[in-house]
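Peer 1: Give me coordinates for this.
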Amino acid sequence: MTILNISAYKFVGLDDLAGLRARILERCEALALKGTILLAPEGINLFLAAPRDAIAEFLDWLRQDPRFADLTPKESVSDAPPFARMRVRLKKEIITMRAPAIRPAEGRAPHVLPTDLRRWLDQGHDDEGRPVVLLDTRNDYEVSAGTFENTVEYGLASFTEFPAAVAADRERFEGKTVVSFCTGGIRCEKAAIHMRELGIEHVFQLEGGILKYFEEVGGAHWRGDCFVFDARGAVDPSLAPSSPP
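Peer 2: Numbering: from 1, shown residues only. Just a heads-up that it's a prediction; the model follows:
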């Protein structure tokens, strides 16, 4: 049986977390989905696995809530579910940064589409002629599985270390276009907003993260695999499971 794996997130204000958790868990269990869904006042982050029909039925149900109507997942397939069970958890943040002034639900950072980033990297500059700097916002063990060529990364043990690391490195980005990236888009969106708050002028996030880049572009300018937080360990640029790093 082919299993569809999806990941998606949305920064949106949620104030009915307990009730929402109960409704979502009931629906997931009824459809025999496996994975993890995180809910927080700032939004939703989900990783799910099941046959395609069950995933489609769940997404149709979830999108009936106007807050999630435009939820757009990244997809990959595997021979078996990479999760052992279904969990829906309440959190303070759907991605922990501990920077309460950063509120993505109030406005997104500018983004660059995967196809446009590929073009920028091919030509060596953005459309305004500025050099492009890629900034990996993931943790060190994720970066070790693979990353883009010529990437800036800080050897982070936790995303909570990112604000101090980038603040100490501001001069590197002057006069350049910075593209923050991460696995699925959630960390690099918070990172890009934070960098703009620091006064770094030309900052974009990679829309959909590495997984969407693989889906639309493949492995151009990439080296290695992409770490994922499930039993697959990592996926290669064709989105096929690979050995854990």
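Peer 1: Every contact and neighbour count from this point should use C-alpha atoms.
Peer 2: Noted.
Peer 1: Isn't Gln205 up against Pro114?
Peer 2: No. Using C-alpha atoms under 8 Å, Gln205 and Pro114 do not qualify as a contacting pair, with a distance of 10.1 Å.
Peer 1: Compare the two (neighbour count), which wins?
Peer 2: Applying other C-alpha atoms under 10 Å to Gln205 and Pro114 shows that Gln205 carries more neighbours, namely 28 against 22.
Peer 1: check contacts around that one.
Peer 2: Applying C-alpha atoms under 8 Å, 6 or more residues apart in numbering, one finds that Gln205 lies in contact with Ala109, Pro110, His111, Val112, Val179, Ser180, Phe181, Gly185, Cys188, Glu189, Ala192.
Peer 1: neighbours around the fourth one, how many?
Peer 2: A count of neighbours around Val112, defined by other C-alpha under 10 Å, yields 19.
Peer 1: Going forward, the N-terminal residue is numbered 8.
Peer 2: Got it, first residue is 8 now, which makes that one Val119.
Peer 1: how about it, what does it touch?
Peer 2: Residues touching Val119, when contacts are defined by C-alpha under 8 Å, 6+ apart, comprise Val186, Phe211, Gln212, Leu213, Glu214.
Peer 1: Tell me what it is bridged to.
Peer 2: Applying DSSP bridges to Val119 gives these bridge partners: Leu213.
Peer 1: Please apply the same query to the fifth one.
Peer 2: Beta-bridge partners for Val186, by DSSP bridges, are Leu141, Phe211.
Peer 1: start to end distance for stretch 164-171?
Peer 2: Taking C-alpha to C-alpha, to the nearest Å, stretch 164-171 runs 13 Å from one end to the other.
Peer 1: Stretch 131-138 now?
Peer 2: Using C-alpha to C-alpha, the span of stretch 131-138 from its first residue to its last is 7 Å.
Peer 1: So for that stretch, mean pLDDT?
Peer 2: Here the mean pLDDT over stretch 131-138 is 95, rounded to a whole number.
Peer 1: now stretch 73-81
Peer 2: Mean per-residue pLDDT for stretch 73-81: 95.
Peer 1: ok, now stretch 165-173?
Peer 2: The predicted model gives stretch 165-173 an average pLDDT of 95.
Peer 1: secondary structure class for the most centrally placed residue in the chain?
Peer 2: Centroid-nearest residue in the chain: Gly191, 2.1 Å away (criterion: C-alpha atoms, centre = their mean). For Gly191, the assignment made with DSSP: H, G, I helix; E, B strand; the rest coil gives coil.
Peer 1: dump the residue contacts of it.
Peer 2: With contact taken as C-alpha under 8 Å, 6+ apart, Gly191 is in contact with Ser14, Ala15, Lys81, Gly215, Gly216, Ile217, Leu218, Lys219.
Peer 1: Need the per-residue pLDDT for it.
Peer 2: 94.
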